[in-house]
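>>> this is a predicted model, with the sequence first.
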Number of protein chains: 2
Amino acid sequence: MGATKTEHFTIDQNELALLMKALAHPARLAIIEFLLKTDSCICGDIVNELPLAQPTVSQHLKELKNVGLIKGNIEGNSICYCIDVETWKHYETVTNKLFAQLKKKKTNCC
Amino acid sequence: MGATKTEHFTIDQNELALLMKALAHPARLAIIEFLLKTDSCICGDIVNELPLAQPTVSQHLKELKNVGLIKGNIEGNSICYCIDVETWKHYETVTNKLFAQLKKKKTNCC
DNA sequence: CATGTTTATCGTAATATTGCAATATTAAAA
DNA sequence: TTTTAATATTGCAATATTACGATAAACATG
């Protein structure tokens, strides 16, 4: 065991879980916050911002890219990483749906 | 290695990461969705709703309880699990801050 | 009190994640 | 072309997560 039984759950549940998992690490949240804060698209010195080795940062960037939260464009020698607004819009819609359901709930039962 | 270097990140980043991690599993999302859908507070038959063994479900419930997303009240023989609205309000505030920053951003640079 | 029901915990196997040193790759610069 | 800079990939060790059988604990009911 040790592997999530994805096949027993809905596509939506698995998709949202993957998105959450991508954000479930302080380093990756720090990357996102940095990219949000920086108005111009910073090309590469994310490594200097983080207290982690370059290969580790590269791996975290890859995970964020895999779920589409960020994208990276080759800019000559270096790479321009930035937020992928489309995915974030989708993510916002999905989480808002959760919060909307929450508001429909009656008072706490416990 | 294998352990997250929490000490190098902010309290907020670590806290949000833990919340995300709690939601980063389809079974736990399924539990949350079930508790949201069910208006009356269902006492216990969450196990029957999920395609997982009882100890596994119990473990997932514990994780959700640890971060405060749900709470469980002993109701005689069984236990009444339900959404903890306070934590969800906090969660909504934090994620809304992220989305707000997103909207302030100029057009995609890449 | 004995029995069944419900939930939690323990122990353990399988797998995933995190982090980094070493190395490869790519493209600019000298 | 050699060197330098930026990023990715590989390989591996340490740790965490997921899942479940076996068992315990708590309580209701006969």
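Received it, and whenever you're ready, just let me know what you need. Numbering: from 1, shown residues only, chains lettered A, B, ... in the order given.

>>> switch to C-alpha atoms for all contacts and neighbour counts from now on
Will do.

>>> and A:Trp88, what pLDDT?
For A:Trp88, the model assigns a pLDDT of 94.

>>> contact partners for it?
Neighbouring residues of A:Trp88 by C-alpha atoms under 8 Å, 6 or more residues apart in numbering or on different chains: A:69, B:99.

>>> go again using 10 Å as the cut-off
For A:Trp88, the contact set (C-alpha atoms under 10 Å, 6 or more residues apart in numbering or on different chains) comprises A:68-70, A:94, B:98-99, B:102.

>>> next one: A:Lys89
A:Lys89 makes contacts with B:99, B:102-103, as judged by C-alpha under 10 Å, 6+ apart.

>>> from these, list the buried ones, please.
Buried members of those, counted by 16 or more other C-alpha atoms under 10 Å in any protein chain shown: B:99, B:102.

>>> tell me the one of the contacts of A:Lys89 nearest chain A?
Of all the contacts of A:Lys89, chain A sits closest to B:Leu102, with 6.3 Å by C-alpha to the nearest C-alpha.

>>> so that closest one is in which element?
Per DSSP states H and E: B:Leu102 is located in helix B:85-104.

>>> need the pLDDT of the closest residue to A:Ile32 other than its chain neighbours.
Nearest residue to A:Ile32, sequence neighbours excluded (C-alpha to C-alpha, 6 or more residues apart in numbering or on different chains): A:Ile83, at 7.4 Å. Looking at A:Ile83, its pLDDT is 93.

>>> quick one: A:Ile83 and A:Val67 touch, right?
No - applying C-alpha atoms under 10 Å as the test, A:Ile83 and A:Val67 come out as separate, 11.7 Å apart.

>>> ok so, going back, mind putting the contacts of A:Trp88 into a markdown table with pLDDT and distance to DNA strand D?
Below are the contacts of A:Trp88 laid out as a markdown table (pLDDT from 0 to 100; distance: C-alpha to the nearest atom of the strand, whole Å):
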| residue | pLDDT | distance to DNA strand D |
| --- | --- | --- |
| A:Gly68 | 96 | 14 |
| A:Leu69 | 96 | 14 |
| A:Ile70 | 95 | 11 |
| A:Val94 | 94 | 20 |
| B:Leu98 | 91 | 23 |
| B:Phe99 | 93 | 25 |
| B:Leu102 | 87 | 22 |
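
>>> pick out the most distant pair among these.
Using C-alpha to C-alpha, the contacts of A:Trp88 reach their maximum pairwise distance at A:Ile70 and A:Val94, which is 17.7 Å.

>>> give me the more crowded residue out of the two.
Between A:Ile70 and A:Val94, counted using other C-alpha atoms under 10 Å in any protein chain shown, A:Ile70 has the larger neighbour count: 22 against 14.

>>> now the strand or helix carrying A:Ile32: buried residues?
Assigned by DSSP H and E, A:Ile32 falls within helix A:26-37. By neighbour count on 16+ other C-alpha under 10 Å, the buried set for helix A:26-37 is A:26-36.
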